[in-house]
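>>> Sequence and computational prediction follow.
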Amino acid sequence: MSLLPFEAALERLLAGASAIQRTESLPLRQASGRILAADLPALRTHPPFNSSAMDGYALRAEDAKAGKILQIAGVSAAGGAQLPELPQGQCIRIFTGAPVPQAADTVLIQENTELLQEQNAIRVVASAEPNQNIRPTGGDFAKGQRLLMAGNRLSAGAIALAASGGHDQLTVLAKPVVAILATGDELVQPGGITSASQIIASNSYGIAALVEANGGTVLDLGICGDTLEAAGDKIDLAILNKADILVTIGGASVGDRDLVAPALQSRGVVLDFWKIAMRPGKPFMAGSRGAMRCLGLPGNPASAMVTATVFLRPLLRRMAGLPLQPLQAGKLAKDVGQGGLRAEFMRARLLEPQDGGPPLVEPLARQDSSLLSIYAAANALLLRPVNAPPGKADDNCLFFHLD
Ligand SMILES: Nc1nc2c(c(=O)[nH]1)N[C@H]1C(S)=C(S)[C@@H](COP(=O)(O)OP(=O)(O)OC[C@H]3O[C@@H](n4cnc5c(N)ncnc54)[C@H](O)[C@@H]3O)O[C@H]1N2
Ligand code: MOO
């Protein structure tokens, strides 16, 4: 069977994938980083009154002339209950954020006055122009105005704006549910080892972390043994729980015990493609059952993480309403060999460039797909295209960020 180029596989995977439309309402404190489901109008005007930008004296600009002596008729403080009147030819002591009395059209900063304590008055030292140091009503936003657009990712600033606009709950897109199933008779959970032949199902943890870092929520289906029935029962659970994406790990290759493809098919999953011209990750498969997308990752730890980065990450981000993280341009940090018949995603480290140019990408020494110690040390995947000529240090290259 011929192998599908990873670019074509990714295009097929993303075709027709869009942000899921379920929503949920969250308290502001839990909404950071989530995607706003609908345009957000301001429930109030801010500032709700003409407000002073400085500590000083509110007055009529015509009175704010150097040398004048003005009686202090009252005080306006932020949160103060009553706004004092401003009699003709007088001033009001005012603090930053406090409402400016209606008759005042300027605020003279206190540094430009001399306080005549005994007379409860000030002498104007430097004149002020009209409209100085006054933040007008609605200068930030007016009631009914759109504060944030649907599809906006809620940054710290957006959360503060929503709070200021009077919202204490936000309606956001629900996170896509990603069911994760590890397959293999040899697998046990961390802490569950009882014999030397067992292997800890570490991939499920790595994939779960990747899912949570990319806008998804995990439905952990645990581990199933290498039988069609056991795998089928777990797939039923994903269906029952309405998972948006089912990710299986292992059992994707060609051995007699590689049961994932037939198990998926036995539950009505239609496979779209299987086997990719990439290294690691050749046995990767994808299909769907109704709205549920199904990704079969190979079991080797680096193969599972690489295929999750190349395929699951963009699919999930698309379904979560997040921007994709495309390949980026870098420079090779050292010579690399010729590309093979499969595109290779080499585990690599990014080095800071000397001249502020693109990052230097240094492939790590050992690339076997079973090595988690190497995968964990990497922060990038260097792409070596099919049949690429040998690469020289400083040649252009492409890479995926892993962080
Ligand atoms: N004759 C062939 N053999 C293999 C081929 C092939 O084309 N012809 N492909 C190889 C490639 S490439 C890969 S990758 C592996 C992947 O095969 P599977 O997806 O069937 O993976 P398993 O056999 O189930 O497991 C492989 C390896 O990974 C360990 N594993 C599995 N699941 C987990 C997990 N959740 N956490 C940690 N480790 C896991 C498992 O114990 C095995 O050591 O097939 C090659 N063979
Ligand atoms: O492609 Mo496998 O994923 O080489 O180890």
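Now that the structure is in, tell me what you want to look at. Numbers count the residues shown, from 1 in each chain. Ligands and ions are numbered 1, 2, ... in the order given.
>>> Return the residues in contact with the closest residue to ligand 1 within the chain.
Using CB to the nearest ligand atom, the single residue of the chain nearest to ligand 1 is G299, 2.6 Å away. (Each C-beta comes from the backbone N, C-alpha and C, glycine too.) G299 makes contacts with 183-184, 203, 249-253, as judged by CB atoms under 8 Å, 6 or more residues apart in numbering.
>>> repeat for P47
Taking CB under 8 Å, 6+ apart, we find P47 in contact with 135-140.
>>> now do 6 Å
R135 (CB atoms under 6 Å, 6 or more residues apart in numbering).
>>> and it, what pLDDT?
pLDDT, P47: 97.
>>> if we can go back for a sec, among the contacts of G299, name the ones in strands.
Mapping the contacts of G299 onto strands (DSSP state E) picks out 183, 249.
>>> Out of the contacts of G299, the closest to W274 would be?
Ranked by distance to W274 (CB to CB), these are led by A252 at 8.0 Å.
>>> thought that closest one was touching P280?
No - taking contacts as CB atoms under 6 Å, A252 lies outside contact range of P280: 11.6 Å.
>>> ok, these two, which is more surrounded?
Neighbours per residue, other CB atoms under 10 Å: of A252 and P280, the larger number sits with A252, 28 against 25.
>>> how far away is that one from ligand 2?
Note on A252: its distance to ligand 2, by CB to the nearest ligand atom, to the nearest Å, is 9 Å.
>>> what pLDDT does that residue get?
For A252, pLDDT reads 94.
>>> wait, which of the contacts of G299 is closest to ligand 2?
Nearest to ligand 2 out of the contacts of G299 is S253 (CB to the nearest ligand atom; 8.0 Å).
>>> wait, doesn't the closest one sit right on P283?
Yes - taking contacts as CB under 6 Å, S253 lies within contact range of P283: 4.5 Å.
>>> So those two - more neighbours on which side?
Remark: of S253 and P283, P283 carries more neighbours, 24 against 17, as counted by other CB under 10 Å.
>>> Would you check that the more buried one makes contact with G255?
No - P283 lies out of contact with G255 (CB under 6 Å); the separation is 10.0 Å.
>>> The closest residue to E114 other than its chain neighbours: which element?
Sequence neighbours aside, R123 is the residue nearest to E114 in space, at 4.4 Å (criterion: CB to CB, 6 or more residues apart in numbering). Using DSSP states H and E, R123 maps to strand 121-124.
>>> what's the residue of the stretch 151-300 of the chain found nearest ligand 2 in contact with, if anything?
Per CB to the nearest ligand atom, the residue of the stretch 151-300 of the chain with the smallest distance to ligand 2 is P280, at 3.1 Å. Residues near P280 by CB under 6 Å, 6+ apart: 302-303, 306, 369.
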